[in-house]
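Engineer: Kindly return the folded structure for what I paste below:
(one chain, ligands or ions: 1)
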Amino acid sequence: MTQLTIAAPGGTVERVRLRRTSSPVGGHAPYHPYFDYDRPMPAATSRRSERDALYERYRARIRTSPHLDRTLVSFQANRNMPGFGWLKYKEAFSAPLAADVIQRYTSPGDVVLDPFAGIGTTIFAARRLGRRSIGIELLPVGMSVMEARLSAEAVNAATFRRRIEAIAGENWQQHFDAAHELAHITITRGAFPPATERAIAGYRAYCARRVRDPHVRRLFHLAGLSILESISYTRKDGQYLRWDRRAKRPRVGSRFTKRRIEPFSEAIDRQLARIGADLGDVSGGPEPDLRCGSCLDVLPRLDEAGVDLVLTSPPYCNRYDYTRTYALELVYLGLGDGDVKRLRQTMLSCTVENAAKVQQLRRAYAAAGRDDVCARIVGVFERQRALGEVLALLRDRGRAGLLNNANVPRMVENYFFEMCFVVAELSRVLRPGGRLVMVNDNVRYAGEEVPVDLILSDFARRLGLVVERIWTLARGKGNSSQQMGAHGRRELRKCVYVWKKKN
Ligand SMILES: C[S@@+](CC[C@H](N)C(=O)[O-])C[C@H]1O[C@@H](n2cnc3c(N)ncnc32)[C@H](O)[C@@H]1O
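Structural biologist: Numbering: from 1, shown residues only. Coordinates of the predicted model:
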């Protein structure tokens, strides 16, 4: 049976009282006390020494793969794939990559886990290949897509197609009902032209009142969700939404102009037709176990050694804010300002706004009688010297005014702190001999490279995994033009790591 635990988004959020250290980064910034930032750093000549040593340790494991390219490790290859490309989730990896990894490392009936499931690329690739799967995802957007995907496999295709034929060209404004208008949050207000706003409300009212079949309704819901960017004045741009200059929004000083803003009826007809055409090509398989929530909460509750393969891609340590980028979709799903803020704080720390989850994790492990496990994980985190080096250097950069946000060092620290818990739990739930395959990018701030691949691999090694391979793409990520100008053109590795649980 599908276990679809749709909880209220957010979960427990905590404002931690942190020791205030006198930080050069914007006066006093709160840090949690694990790293002793005031410890003298090695002399300037050896300032890369810990990272260089770490590189040497794993150098033999790093290989460029002739098979990997940007299309495979990104959403691009999914664009036209039935089911996988319905909602443009740029952060996804591709179904062909997932299928390849799953076939390589598992057999039918095995269990595949993705703790950062997104729109379910791993989960549905596993399902097609007859593998059981567990997907954990916090953002309700991803959960809605996965739910709809299950409905696509269950719906009667002929009924669905008849239905969409009957409503093609409908004037949705005629169905307008104020009760179904979008309840905008601060960052989405004014995102649609007024006629589109009314058409959305009409479509939502129609779906709620007139579409009885739950599978058809879910697919209609997905169609509405997946066209929001194309009918709005906005474009997703990583850290935030970019606004078209035509938007009637105070303080929009944007010079950006989208090519075309689609009318609602045109976009919805197109999307429903696409889903209808794809229905024959989405096949089922073992029911996935889908959990909506933070993997920091869910993973500790999974059984030990019950998973044959973990295939995942966590948020990158790149300040990318899913709650801003997907703000329109979150509003469509009914989230308010408070919900979105709570969600932002529950996400794995990868934005400068995230508060530390240190106390929250400590308390959760203590409540489960696992203080010793918690202490061990924290020990692994604290002993990662290359991370200590990079954090101290970032702090220096902040002191010199070279960081464009004072909270970057704190964000990087929190990212690795939380990822250390994730890696530890993934190691625990993997069966001996099972693989953990992770897609992730290295990052750089103010010229300082953060070797995410090496730091996470070193955590993995200390937490019971063997680092088999760090595959890199033939061409890594470049750099922002600003950074390239300032710091030269050294490429950042874009990687797929393969770790194996010791037998
Ligand atoms: C790089 S994306 C993964 C995309 C996925 N591989 C796919 O193909 O759709 C990272 C995902 O992690 C989710 N996420 C962030 N923090 C999370 C947390 N604490 N627990 C579970 N999921 C989280 C984000 O919402 C995002 O969907």
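
Engineer: Neighbours of Gln103, how many?
Structural biologist: The number of residues packed around Gln103, counting by other C-beta atoms under 10 Å, is 13. Every C-beta, even on glycine, is put in place using the N, C-alpha and C of the backbone.

Engineer: Run a quick neighbour tally on Glu153.
Structural biologist: Applying other C-beta under 10 Å, we find 15 residues neighbouring Glu153.

Engineer: tell me the average confidence for the host helix or strand of it?
Structural biologist: Secondary structure here is read from DSSP states H and E; on that basis Glu153 sits in helix 140-154. The pLDDT scores in helix 140-154 average 97.

Engineer: go on, stretch 216-231?
Structural biologist: Confidence over stretch 216-231 (mean pLDDT, whole number) is 98.

Engineer: And stretch 409-425, by the same measure?
Structural biologist: 97.

Engineer: Flag every residue of the protein that's near the ligand.
Structural biologist: 89, 91-93, 116, 118-119, 121, 136-139, 142, 294-296, 313-315, 322, 347-348 (C-beta under 6 Å from any ligand atom).

Engineer: residues contacting the nearest residue in space to Arg163 that is not next to it in sequence?
Structural biologist: In space, not counting the residues next to it along the chain, Arg163 is nearest to Val216; the distance is 5.9 Å by C-beta to C-beta, 6 or more residues apart in numbering. The neighbourhood of Val216, defined by C-beta atoms under 8 Å, 6 or more residues apart in numbering, consists of 151, 155, 159-160, 163.

Engineer: Strand partners (parallel or antiparallel) of the helix or strand hosting Arg431?
Structural biologist: Under DSSP H and E, the secondary-structure element containing Arg431 is strand 430-441. The pairing partners recorded for strand 430-441 under DSSP bridges are strand 307-312 (parallel), strand 494-501 (antiparallel).

Engineer: Flag every buried residue along that strand.
Structural biologist: 430, 434-441 (16 or more other C-beta atoms under 10 Å).

Engineer: Stretch 77-90 now?
Structural biologist: Going through stretch 77-90 with 16+ other C-beta under 10 Å, the ones that come out buried are 77-78, 81-87, 89.

Engineer: Let's see that stretch as CSV, backbone CA atoms only.
Structural biologist: This file holds the C-alpha atoms of stretch 77-90, laid out as CSV (Å, rounded to 0.1, in the frame of the first residue of the first chain):
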residue,chain,number,x,y,z
ALA,A,77,17.0,14.9,-20.1
ASN,A,78,13.6,14.6,-18.5
ARG,A,79,12.0,17.5,-20.3
ASN,A,80,10.1,15.4,-22.8
MET,A,81,9.9,12.2,-20.8
PRO,A,82,6.3,11.0,-20.0
GLY,A,83,5.7,11.6,-16.3
PHE,A,84,9.2,12.9,-15.4
GLY,A,85,8.9,16.2,-17.3
TRP,A,86,5.5,17.4,-16.3
LEU,A,87,6.6,19.9,-13.8
LYS,A,88,9.9,21.7,-14.7
TYR,A,89,12.0,21.0,-11.6
LYS,A,90,15.4,22.3,-12.6
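
Engineer: So which residues make contact with that stretch?
Structural biologist: Looking at what lies outside stretch 77-90 - C-beta under 8 Å, 6+ apart - the contacts are 71, 74-75, 92, 94-97, 118-119, 121, 124, 141-142, 145, 148-149, 152, 222, 225-226, 229, 236, 271, 274-275, 278-279, 281-282.

Engineer: Point out the other helices and strands that the helix or strand hosting Ala364 packs with.
Structural biologist: Following DSSP H and E, one finds Ala364 within helix 358-367. Packed against helix 358-367 by the contact rule (3 or more C-beta pairs under 8 Å, 6 or more residues apart in numbering; DSSP states H and E) you find helix 295-298, helix 371-382, helix 408-429.

Engineer: Can you get me a residue count around the residue of the chain found nearest the ligand?
Structural biologist: Taking C-beta to the nearest ligand atom as the measure, the chain has Gly118 as its residue closest to the ligand, at 2.2 Å. Applying other C-beta under 10 Å, we find 25 other residues in the vicinity of Gly118.

Engineer: Quickly note the distance from Arg395 to Ala195.
Structural biologist: 51 Å (C-beta to C-beta, to the nearest Å).

Engineer: now swap in Arg274 and tell me
Structural biologist: The gap separating Arg274 from Ala195 is 23 Å, by C-beta to C-beta.

Engineer: same thing with Ala183?
Structural biologist: With distances defined as C-beta to C-beta, the gap from Ala183 to Ala195 amounts to 19 Å.

Engineer: likewise Ala277?
Structural biologist: Distance of Ala277 to Ala195, given as C-beta to C-beta: 28 Å.

Engineer: Asn414 and Asn354 touch, don't they?
Structural biologist: Yes: applying C-beta atoms under 8 Å as the test, Asn414 and Asn354 come out as touching, 5.9 Å apart.

Engineer: Which residue of those two possesses the greater neighbour count?
Structural biologist: Asn414 (24 against 20).

Engineer: which residues touch that one?
Structural biologist: Counting by C-beta under 8 Å, 6+ apart, Asn414 makes contact with 349, 354, 356-357.

Engineer: Filter the residues you listed down to the buried ones, ChimeraX style.
Structural biologist: Here is the ChimeraX command that selects the buried residues among those (16+ other C-beta under 10 Å):
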select :349,354,356,357
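
Engineer: Show me the contacts of Asn414 that map onto helices.
Structural biologist: In this view, the contacts of Asn414 have no member that belongs to helices under DSSP state H.

Engineer: Out of the contacts of Asn414, which sit inside strands?
Structural biologist: Among these, no member falls in strands (criterion: DSSP state E).

Engineer: Specify which member of the contacts of Asn414 is nearest to His175.
Structural biologist: Asn354 (40.3 Å; C-beta to C-beta).

Engineer: in terms of contact, does that closest one touch Thr346 like I think?
Structural biologist: No: distance between Asn354 and Thr346: 9.2 Å, which falls outside the contact criterion (C-beta under 8 Å).

Engineer: which ones are touching the residue minimising distance to the centre of the chain?
Structural biologist: For the chain, Pro315 is the residue whose C-alpha lies nearest the centre (C-alpha atoms, centre = their mean; 4.3 Å). Listed by C-beta under 8 Å, 6+ apart, the contact set of Pro315 reads 91, 116, 322, 347-348, 350.

Engineer: Export the strands paired with strand 430-441 to JSON lines and append columns for mean pLDDT and mean neighbour count.
Structural biologist: Compiled in JSON lines, the strands paired with strand 430-441 are given as follows (pLDDT from 0 to 100; neighbours: other C-beta atoms under 10 Å):
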{"stretch": "strand 307-312", "mean pLDDT": "98", "mean neighbour count": "25"}
{"stretch": "strand 494-501", "mean pLDDT": "96", "mean neighbour count": "24"}
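
Engineer: Tabulate the ones you listed in JSON lines, adding columns for distance to Arg210.
Structural biologist: Rendered in JSON lines, the data for the strands paired with strand 430-441 read as follows (distance: least, C-beta to C-beta, whole Å):
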{"stretch": "strand 307-312", "distance to Arg210": "39"}
{"stretch": "strand 494-501", "distance to Arg210": "46"}
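
Engineer: Out of the ones you listed, which gets nearest to Phe176?
Structural biologist: Of the strands paired with strand 430-441, the one closest to Phe176 (C-beta to C-beta) turns out to be strand 307-312, at 42.2 Å.

Engineer: any residues touching the helix or strand just after the closest one, and which ones?
Structural biologist: Per DSSP H and E, the first helix or strand lying C-terminal to strand 307-312 is helix 322-325. Residues lying outside helix 322-325 but in contact with it, judged by C-beta under 8 Å, 6+ apart, are 91, 139, 187, 236-241, 315, 330, 340, 343-344, 347.

Engineer: That's all I had, so thanks and see you.
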